[in-house]
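*Asks:* Predicted model follows, preceded by the sequence.
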Amino acid sequence: QLQASGGGSAQTGGSLRLSCAASDRTFITADVSWFRQAPGQGRVIVSGIRGYGGSTYYADSVKGRFTITRDTAKNTVYLQMNNLKLEDTAVYFCAARGSGYGWADPVYEHWGLGTQVTVSS
């Protein structure tokens, strides 16, 4: 079970940090991704981190602004969001799965509930 938290309100240029915590220790080796869904739009991947090797993925829209990290001791994956823009406003979800999938593959075994991020000017 995944639990996403850390959403809230920020002004443009501000920062927020999202957390995705899991109770299952297999989360340590899972590929974990953050998705977002803006009003009236589909859910899209924002960033991901591999369970093995730790390589990361970022959508072009967030490159250089967002950073995904993993704390294995806390069984948590973080998404640090800096220099927030109005278009970052969305509900953010974390998801996890086993290894072997490409970042474009939409199949995930576990999803957390979303956390709202609202950016205003």
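*Replies:* The structure has been received and is ready for your questions.
*Asks:* export the helix or strand encompassing residue 19 as CSV, just CAs?
*Replies:* Element membership for residue 19, per DSSP states H and E: strand 16-22. What follows is strand 16-22, C-alpha atoms only, in CSV (Å, rounded to 0.1, in the frame of the first residue of the first chain):
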residue,chain,number,x,y,z
LEU,A,16,7.0,21.5,-2.4
ARG,A,17,8.2,18.1,-1.6
LEU,A,18,6.0,15.0,-2.1
SER,A,19,6.5,11.8,-0.3
CYS,A,20,5.4,8.3,-1.3
ALA,A,21,5.7,5.9,1.6
ALA,A,22,5.1,2.1,1.6
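*Asks:* Residue 108: what's it in contact with?
*Replies:* The contact partners of residue 108, by CB atoms under 8 Å, 6 or more residues apart in numbering, come to 33, 95, 96, 97. Placement of C-beta: from N, CA and C, glycine included.
*Asks:* what's the helix or strand for the second one?
*Replies:* When you say that, I think you mean residue 95. In the assignment (DSSP H and E), residue 95 maps to strand 90-97.
*Asks:* what residues does the next helix or strand after that strand touch?
*Replies:* Following strand 90-97 in sequence order, the next helix or strand is strand 110-111 (DSSP H and E). In this structure, residues lying in contact with strand 110-111 by CB under 8 Å, 6+ apart are 1, 2, 22, 30, 93, 94, 95, 96, 97.
*Asks:* Now find how far off-centre strand 110-111 is within its chain.
*Replies:* Centroid separation for strand 110-111 versus its chain: 12 Å, with CA atoms, centre = their mean, to the nearest Å.
*Asks:* Provide the strand pairings for it, with the direction of each partner.
*Replies:* With DSSP bridges as the test, strand 110-111 is paired with strand 90-97 (antiparallel).
*Asks:* relative to strand 16-22, how tilted is the strand it pairs with?
*Replies:* Strand 90-97 and strand 16-22 are oriented at 30 degrees to each other (axes from the mean of the first three to the mean of the last three CA atoms, to 10 degrees).
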